[in-house]
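**Q** Any chance you could fold what I've pasted below:
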Amino acid sequence: MLIPILALALQVHPPQTGTDLYEDCQSAVRYADSGGENLSNDEVAKGLTCMAFIDGYHDGLWEGNETICIPSDVSVETLVRGYLRFMQKNPTLMNPPKNIGLNFALRDAYSCPVKR
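**A** Residues are numbered from 1 along each chain as shown. A predicted model of the protein is given here:
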């Protein structure tokens, strides 16, 4: 009985793609650039969704992570803008789940130094 319910839940809420995060992050930049002026509640919500996802992803990077090293003074807004620039240059990452493109964007911008 549980399996059909889980299957239905997955059909109702498919994973968000890079395109979904990209669009949310465009709203975040519009919010930052305008100070929140003249944006619909939906656009504000999308912008906050982007910022929360990227901030949470950043917070979730474990201490021993040796691939992504983001300096402590980098703001979420900087991460958002960097993600958008990366995705513009790498549109093939728009279709996979949103965390894939974000991971590639962060590794591209904040790769850890190679240990010798």
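**Q** alpha carbons only for contacts and neighbour counts from here, please
**A** Fine.
**Q** What separation do you get for the residue lying closest to I70 once chain neighbours are set aside and N65?
**A** Nearest residue to I70, sequence neighbours excluded (Cα to Cα, 6 or more residues apart in numbering): Y110, at 5.5 Å. Distance from Y110 to N65, counting by Cα to Cα, to the nearest Å: 12 Å.
**Q** returning to that earlier point: and the residue nearest to I70, how many neighbours?
**A** Neighbour count for Y110, taken as other Cα atoms under 10 Å: 15.
**Q** try V74
**A** Quick note: V74 (other Cα under 10 Å) scores 9 neighbours.
**Q** So what does it have for phi and psi?
**A** phi -80, psi 130 (degrees, to the nearest 10).
**Q** Model confidence for it, exactly?
**A** Here, the pLDDT recorded for V74 equals 95.
**Q** quick one: buried residues of the longest helix anywhere in the chain?
**A** Taking DSSP state H as the criterion, the chain has its longest helix at helix 41-60. Across helix 41-60, burial judged by 16 or more other Cα atoms under 10 Å covers E43, V44, K46, G47, L48, T49, C50, M51, F53, I54, D55, H58.
**Q** other SSEs contacting it?
**A** helix 18-34, helix 76-89 (3 or more Cα pairs under 8 Å, 6 or more residues apart in numbering; DSSP states H and E).
**Q** just these: most buried one?
**A** helix 18-34 (a mean of 19; mean count of other Cα atoms under 10 Å).
**Q** and the angle from that one to helix 41-60?
**A** Orientation check (axes from the mean of the first three to the mean of the last three Cα atoms, to 10 degrees): helix 18-34 against helix 41-60 gives 110 degrees.
**Q** what about helix 18-34, distance to the chain center?
**A** Distance, stretch centre to chain centre, for helix 18-34: 10 Å (Cα atoms, centre = their mean, to the nearest Å).
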